[in-house]
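Q: Give me a model of this one.
(one chain, ligands or ions: 2)
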Amino acid sequence: MDDKMKTLIDGLNEDLANEYGAIIQYTTYAATVTGMNYQMLKPFFEEEIPDEQGHASYLSEKIATLGGEPTTRPAEVVFTTDAREMLQEIFKSESATIERYKIRRQQADELGLIDLVVQLEDMIADETKHKEITERMLKDPRLS
Ligand SMILES: [Fe+2]
Ligand SMILES: [Fe+2]
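A: Residues are numbered from 1 along each chain as shown. Ligands and ions are numbered 1, 2, ... in the order given. Model prediction:
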């Protein structure tokens with residue numbers, strides 16, 4: 001396997017770990033959010049989970065197809081019971097993921113993996129939507 005392909009697969013495994021982390025993050029926050037924020041945030045957290053699951057499935061399959069070994073270790077998730085901190089943590093994760101996918105898109109393009117480029121662009125669009133919703137939620141005055 002050449003160096004560029006190895007770098008790409010290592011990067012995709014970092015992305016996969018972070019998608020697993022995102023599933024854990026949204027699941028945990030949906031389970032623990034309380035008070036007035038419960039009604040506002042629980043449905044939002046739950047709605048994001050299938051998107052992240054789809055991303056994780058796609059990445060693990062692609063890593064295997066490219067000859068790599070998909071990771072089984074999720075990225076670290078910050079636990080908090082504070083609703084604002086939950087949204088801030090999600091905002092950080094989604095922003096970092098978008099930046100990683102831009103790099104990955106470039107690496108995939110250099111290897112001529114057009115299908116992966118297209119899929120990464122789709123995932124950038126999904127994560128940008130998540131990031132923008134989170135940004136708007138953070139502006140809610142009811143947030144304690
Ligand atoms: Fe995702
Ligand atoms: Fe996301």
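Q: which stretches of the chain have low pLDDT?
A: Flagging of the chain using pLDDT under 70 yields the residue ranges 144.
Q: quick one: the strands in it?
A: Taking DSSP state E, the chain contains no strands at all.
Q: Can you pull up the most central residue in it?
A: Glu19 (4.4 Å; CA atoms, centre = their mean).
Q: Skip the chain neighbours and tell me the closest residue to that one.
A: Ala56 (4.0 Å; CB to CB, 6 or more residues apart in numbering). Bear in mind the C-beta positions are built from the backbone N, C-alpha and C, glycine included.
Q: List of residues touching stretch 135-144?
A: Stretch 135-144 is contacted from outside by Gly35, Met36, Asn37, Met40, Leu41, Phe44, Asp82, Ala83, Arg84, Leu87, Gln88, Phe91, using CB atoms under 8 Å, 6 or more residues apart in numbering.
Q: Can I get the buried ones among the residues you listed as something I can paste into ChimeraX?
A: This is the ChimeraX syntax for the buried subset of the contacts of stretch 135-144, where burial follows 16 or more other CB atoms under 10 Å:
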select :37,41,44,83,87,91
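Q: now the contacts of stretch 135-144 in CSV, with distance to Leu66?
A: What follows is these, written out as CSV (distance: CB to CB, whole Å):
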residue, distance to Leu66
Gly35, 46
Met36, 46
Asn37, 41
Met40, 41
Leu41, 37
Phe44, 34
Asp82, 40
Ala83, 40
Arg84, 40
Leu87, 35
Gln88, 34
Phe91, 31
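Q: contacting residues around the residue nearest to Glu19?
A: Per CB under 8 Å, 6+ apart, neighbours of Ala56: Leu16, Glu19, Tyr20, Ile23.
Q: Kindly provide the distance from Phe79 to Arg73.
A: 17 Å (CB to CB, to the nearest Å).
Q: And those two? Which one has more around it.
A: Just comparing Phe79 and Arg73: by other CB atoms under 10 Å the higher neighbour count belongs to Phe79, 13 against 10.
Q: wait, that one sits on Ala31?
A: No - Phe79 lies out of contact with Ala31 (CB atoms under 8 Å); the separation is 10.9 Å.
Q: Now do the closest residue to Tyr20 other than its chain neighbours against ligand 2, distance only.
A: The shortest distance from Tyr20 to any non-neighbouring residue, by CB to CB, 6+ apart, is to Pro74 (3.6 Å). Using CB to the ion, to the nearest Å, Pro74 is found at 14 Å from ligand 2.
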